[in-house]
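Trainee: When you get a sec, could you give me coordinates for this:
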Amino acid sequence: MRILGLDPGSRITGIGIIDGERLIHAESLRLGDGPMPERLGRIFVEVGSLIERFRPDIAAVETVFMSRNAQAAIKLGQARGAAVCAAVAAGLEVHEYAPRAVKQAIVGRGGAAKEQVQHMIRVLLKLSEVPAEDAADALAVALCHLHTAQTAARLPAGLVMR
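Mentor: Predicted coordinates:
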């Protein structure tokens, strides 16, 4: 199963694509400080282009975490919306995972530090280098979905995971 993992951000959006536990592509899409509509458009276009290029079967995206700064939360939600819309427009089914659930699945602790996530991504995907922070987060979301889907496939018919 080829999975597109997304860690949306209004300044940097992490993108990771895996096929099973094999890295296909990872990048940190740097959006800069330009007008928000232009950054959102770029997320939509770039994610759509990567979907067309790498043909993932499914997408997994990190949900918005609660922020003390309402403006930051709104911008994050808009970036997430642009990424999700690109996946849906390309016909992909989208699965959502809370940041704590992703860290729990990858590191074993929901409160893990970013460096721990990067280290585990390097180990799990057998990479020669530690991936950039945002790309590692996107790869973590993709691996979280892979592991969740594998577990669900082993459950008896009719038992649903939530």
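
Trainee: Was I right to think Ile18 contacts Ala140?
Mentor: No - between Ile18 and Ala140 there is no contact under Cβ atoms under 8 Å: 10.3 Å. In short, each C-beta sits where N, CA and C put it, glycine included.

Trainee: of those two, who's got more company?
Mentor: Ala140 (31 against 26; other Cβ atoms under 10 Å).

Trainee: check which helix or strand covers the more buried one.
Mentor: With secondary structure defined by DSSP states H and E, Ala140 is part of helix 133-154.

Trainee: so where's the chain uncertain?
Mentor: 65-67, 155, 157-162 (pLDDT under 70).

Trainee: all strands for it, in order.
Mentor: Assigned by DSSP state E, the strands in the chain fall at 2-7, 12-19, 22-30, 58-62, 93-97.

Trainee: okay, the ones you listed, which one's buried deepest?
Mentor: Of all those, strand 2-7 has the most neighbours on average by mean count of other Cβ atoms under 10 Å, namely a mean of 27.

Trainee: which other helices and strands contact the helix holding Ala140?
Mentor: In terms of contacts (3 or more Cβ pairs under 8 Å, 6 or more residues apart in numbering; DSSP states H and E), helix 133-154 is packed against strand 2-7, strand 12-19, strand 22-30, strand 58-62, strand 93-97, helix 99-106, helix 114-124.

Trainee: Mind putting these into CSV with distance to Ala73?
Mentor: Formatted as CSV, these follow (distance: least, Cβ to Cβ, whole Å):
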stretch, distance to Ala73
strand 2-7, 15
strand 12-19, 16
strand 22-30, 20
strand 58-62, 13
strand 93-97, 16
helix 99-106, 13
helix 114-124, 19
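
Trainee: For Lys75, find the nearest of those.
Mentor: Proximity to Lys75 (Cβ to Cβ) singles out strand 12-19 among the helices and strands packed on helix 133-154, at 11.8 Å.
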